[in-house]
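**Student:** model this:
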Amino acid sequence: MTNILFVCSGNSVRSQMAEGLARHLGNGDCEIKSAGITPIGVHSAAAKSMNEIGIDISAHTSDHLSRDLLDWADYVVTLCNSVMIAFPVLPPRTKHIHWDIPNPDRYYDSPELQLKGFARVRDLLKEKIEKLFEEI
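**Tutor:** Have a look, this model is predicted:
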């Protein structure tokens, strides 16, 4: 079993969506978790965006990145540049992948634009996760 950990700054949007997508798209050969440098809870718009494609992340918890999680992971996928500033040293056997996924916060002018921003991030993550599963 391959262990994949998705990490972003708050474990509220990108890493939560990635965890939900990877669990949904995976074939059971991988265990998936997510964490954040400073967890702030699952964003309601992230949960709503995932519900649009039939994936429920509303019960996910927002977890703090820990040494235990890093030791557990075979792959750590970081999802934003800001997380790299505070990112700890990985165990030697752990593979690191970095994707600079945009923060959907910039689409907050209206509820409609907000959901479009979250959908863009969700769809980008889906493409990248599908490619990741092909490669591992």
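
**Student:** Spit out the contact partners of the nearest residue to Glu130 once chain neighbours are set aside.
**Tutor:** Spatial nearest neighbour of Glu130, excluding adjacent residues (CB to CB, 6 or more residues apart in numbering): Leu25 at 6.3 Å. Quick note: C-beta positions are derived from backbone N, CA and C, even for glycine. By CB atoms under 8 Å, 6 or more residues apart in numbering, Leu25 lies in contact with 126, 129-130, 133.

**Student:** Mind pulling the model confidence for Leu25?
**Tutor:** Listed pLDDT for Leu25 reads 94.

**Student:** Leu79 and Pro102 touch, don't they?
**Tutor:** No - Leu79 lies out of contact with Pro102 (CB atoms under 8 Å); the separation is 9.9 Å.

**Student:** okay, those two: which has more neighbours?
**Tutor:** Counted by other CB atoms under 10 Å, Leu79 and Pro102 do not tie: Leu79 has more neighbours, with 28 against 14.

**Student:** Give the other helices and strands that the helix or strand Leu124 falls within contacts.
**Tutor:** Taking DSSP states H and E as the criterion, Leu124 maps to helix 111-135. On a contact count with 3 or more CB pairs under 8 Å, 6 or more residues apart in numbering; DSSP states H and E, helix 111-135 meets helix 14-25, helix 44-51.

**Student:** what is the rounded mean pLDDT of the next helix or strand after the first one?
**Tutor:** Okay, so that is helix 14-25. Counting by DSSP H and E, the next helix or strand C-terminal to helix 14-25 is strand 30-36. Averaged across strand 30-36, pLDDT comes to 96.

**Student:** Pull the residues that contact the helix or strand bottoming out on mean pLDDT in the chain.
**Tutor:** The helix or strand of the chain with the poorest confidence is helix 82-85; it has a mean of 82 (mean pLDDT, DSSP states H and E). Helix 82-85 is contacted from outside by 7-9, 36-37, 78, 98, using CB under 8 Å, 6+ apart.
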